[in-house]
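Asks: test case, fold it:
(2 chains)
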Amino acid sequence: MTAVRALAVWCPDWPVIAAGGSAELPGAVMHANRIVACSAAARLDGVRRGQRRRDAQSKCPELTVYHHDPARDARLFESVAVAVEAIVPGIEIIRPGLLVVAARGAARYYQGELPLLATIARAVSDATRYDVQLGIADGIFAATQAAYAASIVPAGEAAAFLAPLPIRVLDRPELADLLIRLGIHTLGDFADLPRTDVLARFGPDGAYVHDLARGIEIRPPAARVAPPDLDVEMTLDPPIDRVDTATFIAKTLAEQLHERLAARGLACIRISIEACTENGEQLSRSWRHGTTSPAVSAPGFTANAIADRTRWQLDGWLSGAIRSHDGQPSSGLVFLRLVPDEVIHDDGRQLSLWGAEAGRGAEAGGASGPGGDLEQIDRALARVQGMLGPDAVVTAVVGAGRDVAEQIRLVSWGEPRDVLPADAWPWPGRLPAPSPATVLKSAQPATITDIGGNPVVVTGRCVVSAAPGWLRIGQQPPVAIAGWAGPWPLDVRWWDRLTARRRARFQIATIDGAGLLMVCENGRWFIEALYD
Amino acid sequence: MFDTQGMLRSAASSLEGLSPDLLEQLRAVGSKELLPVPQALAELFPEGGVRRGSTITVSGSSSLVLALLAEVSAHQGWCAEVGSPLLGSAAAAEAGVELERFVRVAEPGEQWPSVVASLLEAFDIVVIHPPLRAREADMRRLSARARERSAVLLTTAKWEGAALGLTVIEQRWHGLGSGHGYLQAHELEVQSLGRGAAVRPRRATVWLPQASEQLSQASEQLPQAL
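Replies: Below you'll find the predicted structure:
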């Protein structure tokens, strides 16, 4: 389970830049008398995030103070998003000033990750006047950290790259405080703790950030695509072209969507905002729930967070990103839709003391409704995954392949059970149903002789030397064979010398009623599966 | 006044119209205490189904286990399996088990009792292939956990305190000649023996896979030879 290669585009100190400041001049954005962001020059003078205005100004008297306005940040960031999207499609905005995108395909297209970064950097600086820093690594979290360091972390080295970083970068202030008091200062120290202990002490969220620290980024457990009826949409008549109207609509839609999700016990971690203009332009943008958001108690977007992002996006579009061919702002928006792209089970709340028992008791017996206790199932499996690792809990997909073992694909719990196109193809050479009910972990050697006791062999042309008469497993006394069929040859990967295998399969029934699937390979016989 | 007697009579007569099979099924599903079992296996269980919270042992046949799981799966239940070798997934799908709701843990290692205990919290039925050196205390504790959570624990080897044990006493495969044909139908003579109401041994002949029953019915309806 490797994390996807992700590319992060980061605009340093974005709130200050968006407010009109620059890196060279000391500037800071204030919210509720606290510094939210400051420019590099201000930081040199000792201004820090979280300082009060008076402290900051005492350190740096010439500090320019800007008003905090997330909508402005998001609106201006849209131009960066558009510039990046022209190079790589499928971007996801984590917050204004930071976006991520899958890097693998694009890196191949631009012949390497470095050329890709160069192309994006050039595109952004051509299209906008902003500075960006870029980074590539395995997983969104590592890629973000790589962008802060402006570096490319080679595949598989995310853990080593993250190890020296301070624990604060996890953006879990409470957890970080506690860990620092415990003497754990870097992600590397944290990653060295046994996973089971972390899970036991800090719960699923702790285990999740522990995985991040180890450079393992799996999608949050049981992420799944939302069923289509969760989308909310609205036709806008008359078309809207003003931000204040957009705000109102964003709020209504967001509340609707959140209600629908909540009714199913789901939370949204990625949302697509889609709109259509009067002139027929299709606009769409995805926002991802910040994986390192401090809102630990609430997985996924809250209604307000959805409304904010929708409003920011509409603002971004309405204030200039929609342009017709001659570069003039195009018409207003006539259609708006919110699509929850990825949802998870909202298990952030605490189980009530008696709730679990009552829930189970009510439906003890009878058929529990479809997905009725899905939450309990998820929780039980999460516990087992915590004990044994995420790959220990699997479900099977019967798919492509001729061999009994080969056609089974085991999917870790929480990963999508994808159906591959090849699964539906006919696989001539498969044995007919019924399939063996026990497939041995590894083939067990056995001997097959004819009635006279001579070994039975299969020639290169698949001719059986004599009818099998006796089966002998290990030191047990031989058993007489009542019926047999075969050989069904299986000559696979003959084009590759190292992995090529030639086998002949037989079905064998013994007189005591057992059915076996046996294989003859290189003149030796093996039991592969039991029809029991 | 209402004609209560008449209403009761008409209700009874409307029930009479149903086939005995269907009535049996209704009884099994309707009862909160029983996990449904396939029709062919029902006579092996004194109550016509597996009592929730009980521990049963099925030895000698994996397809028998799959047949039991398929029925749970057909009623939207969740099944889990712990230990190895795993039941054949292709066979499970053919038997009618929904693979999406059939979760497996192949290598629980030393922690198998805790894994099973966790799964019993949520699953309707948990199949377990106990390791050779399973401790009696662990077995008893898990059976107690199953009882407490009204889940069914199904073991494939000897288990301390199982309420019911199904054993294959005779089996035969059909469809295989000498050098031709293929394994088509499995005939099993199964005996059930347990405690309480199950203390008297019961026997049944079972044909697996279940689908072959329909197949044989279908073949009877083939058009006559020309």
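Asks: quick one, phi psi at the spatially most central residue of chain B?
Replies: For chain B, B:Leu68 is the residue whose C-alpha lies nearest the centre (CA atoms, centre = their mean; 2.1 Å). Per-residue torsions, B:Leu68: phi -70, psi -40 (degrees, to the nearest 10).
Asks: now do it against B:Met139, distance only.
Replies: Distance, B:Leu68 to B:Met139, by CB to CB, to the nearest Å: 20 Å. From N, CA and C alone the C-beta is placed, and that goes for glycine too.
Asks: also A:Glu174?
Replies: Counting by CB to CB - A:Glu174 and B:Met139 are separated by 42 Å.
Asks: try B:Leu132
Replies: The value you get for B:Leu132 to B:Met139, if CB to CB is used, is 13 Å.
Asks: same check, this time on A:Arg49
Replies: On the measure of CB to CB, A:Arg49 and B:Met139 end up 58 Å apart.
Asks: these two: who's more crowded?
Replies: B:Met139 (21 against 13; other CB atoms under 10 Å in any protein chain shown).
Asks: mind listing what's buried along the strand or helix carrying that one?
Replies: In this assignment (DSSP states H and E), B:Met139 forms part of helix B:136-149. Residues B:138-139, B:142-143, B:145-147, B:149 are the ones in helix B:136-149 that count as buried (16 or more other CB atoms under 10 Å in any protein chain shown).
Asks: same question for stretch A:437-451.
Replies: A:437-440, A:443, A:446, A:448-450.
Asks: now render those residues as JSON lines, adding pLDDT and secondary structure.
Replies: Listed next are these as JSON lines, based on pLDDT from 0 to 100; DSSP: H, G, I helix; E, B strand; the rest coil:
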{"residue": "A:Ala437", "pLDDT": "90", "secondary structure": "coil"}
{"residue": "A:Thr438", "pLDDT": "89", "secondary structure": "strand"}
{"residue": "A:Val439", "pLDDT": "87", "secondary structure": "strand"}
{"residue": "A:Leu440", "pLDDT": "86", "secondary structure": "strand"}
{"residue": "A:Ala443", "pLDDT": "87", "secondary structure": "strand"}
{"residue": "A:Ala446", "pLDDT": "93", "secondary structure": "strand"}
{"residue": "A:Ile448", "pLDDT": "92", "secondary structure": "strand"}
{"residue": "A:Thr449", "pLDDT": "92", "secondary structure": "strand"}
{"residue": "A:Asp450", "pLDDT": "91", "secondary structure": "coil"}
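Asks: what about chain B: which of those touch it?
Replies: Filtering these for proximity to chain B by CB under 8 Å from any CB of the partner chain leaves A:437-440.
Asks: just flag the most distant two among those residues.
Replies: Spanning the widest gap among those are A:Ala437 and A:Leu440, at 11.5 Å by CB to CB.
Asks: overlap in contacts of the two?
Replies: Common contact partners of A:Ala437 and A:Leu440 (CB atoms under 8 Å, 6 or more residues apart in numbering or on different chains): A:Leu530.
Asks: for chain B, what helix or strand is lowest in average pLDDT?
Replies: helix B:211-220 (a mean of 46; mean pLDDT, DSSP states H and E).
Asks: one more: chain A?
Replies: Per mean pLDDT, DSSP H and E, bottom of the list for chain A is helix A:355-362, a mean of 34.
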